[in-house]
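# Output the structure for:
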Amino acid sequence: SVTLAGVSAQVTSANDTLIELTAAASTATSGQVVITSETGGVISKDGWAYVTPATISNVSPSSGVVGTLVTVTGSNLLAGASQLATILLNTTNSTITQGDSNSKAIFVVPDINPGNYTLQLVADTDAFYVASNDFVYAVDGNITSISPEFGQRGTLVTMSGTNLFAHGSSVTS
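Alright, predicted model coming up:
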């Protein structure tokens, strides 16, 4: 078994020269790394610290379509790392446009199917934060007609369809 600052960790791979494990949830604390073998031998070393877990306070907008720019705000989003490695909507990677702040991350929504998505922030240390149903991928907009289909300066053009604001509230100027 292995403990990190007194908290049992899940060993995922081990041999006599390398042990890989996943840290369990814990409050911020620090302490020893302790390895106990089946023979009862114990090896310990100082140097493990749990950082304060990340919290997400807002996802804006909370719904959108492909290409929507989404801002995630909260605290300790990097979980002790220097930057986010990826932001996932369920298992689909998004494009990160800002991922080096503990309080704000910005990403672009990928092309996915409509539905509720769990947001997962993964730091470059593999530390991660999962938030359930934080983003809704909405049905894409669809232009069904443009009239007239030609014109010049001053021509009044009318477009109709569905979800033309891409689930926003207005057209930007």
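
# Check which helix or strand L119 maps to.
Using DSSP states H and E, L119 falls within strand 115-123.

# Check which element follows that strand along the chain.
Once the chain leaves strand 115-123, the next helix or strand it forms, by DSSP H and E, is strand 128-137.

# what's that following strand packed up against?
If you count contacts as 3 or more Cβ pairs under 8 Å, 6 or more residues apart in numbering; DSSP states H and E, strand 128-137 packs onto strand 55-60, strand 63-64, strand 115-123. Backbone N, C-alpha and C define where each C-beta goes, glycine included.

# repeat that with 10 Å
Contacts defined by 3 or more Cβ pairs under 10 Å, 6 or more residues apart in numbering; DSSP states H and E place strand 128-137 against strand 55-60, strand 63-64, strand 69-75, strand 84-89, strand 115-123.

# any idea which of these is most buried?
Mean neighbours per residue, mean count of other Cβ atoms under 10 Å, is largest over the helices and strands packed on strand 128-137 for strand 84-89, with a mean of 20.

# Parallel or antiparallel, which strands does whichever helix or strand comes after it pair with?
Scanning forward in sequence from strand 84-89 by DSSP H and E, the next helix or strand is strand 92-93. Strand 92-93 pairs in its sheet with strand 84-89 (antiparallel), by DSSP bridges.

# Could you tell me how far the partner strand lies from the centre of the chain?
4 Å (Cα atoms, centre = their mean, to the nearest Å).

# That one vs strand 128-137, what angle?
On the basis of axes from the mean of the first three to the mean of the last three Cα atoms, to 10 degrees, strand 84-89 is oriented at 40 degrees to strand 128-137.

# For strand 84-89, C-alpha coordinates in CSV please.
Coordinates of the C-alpha atoms in strand 84-89 are reproduced here as CSV (Å, rounded to 0.1, in the frame of the first residue of the first chain):
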residue,chain,number,x,y,z
LEU,A,84,-4.2,23.2,-18.2
ALA,A,85,-3.3,20.5,-20.6
THR,A,86,-6.9,19.9,-21.8
ILE,A,87,-10.5,20.8,-21.2
LEU,A,88,-12.9,17.9,-22.0
LEU,A,89,-16.6,17.9,-22.6
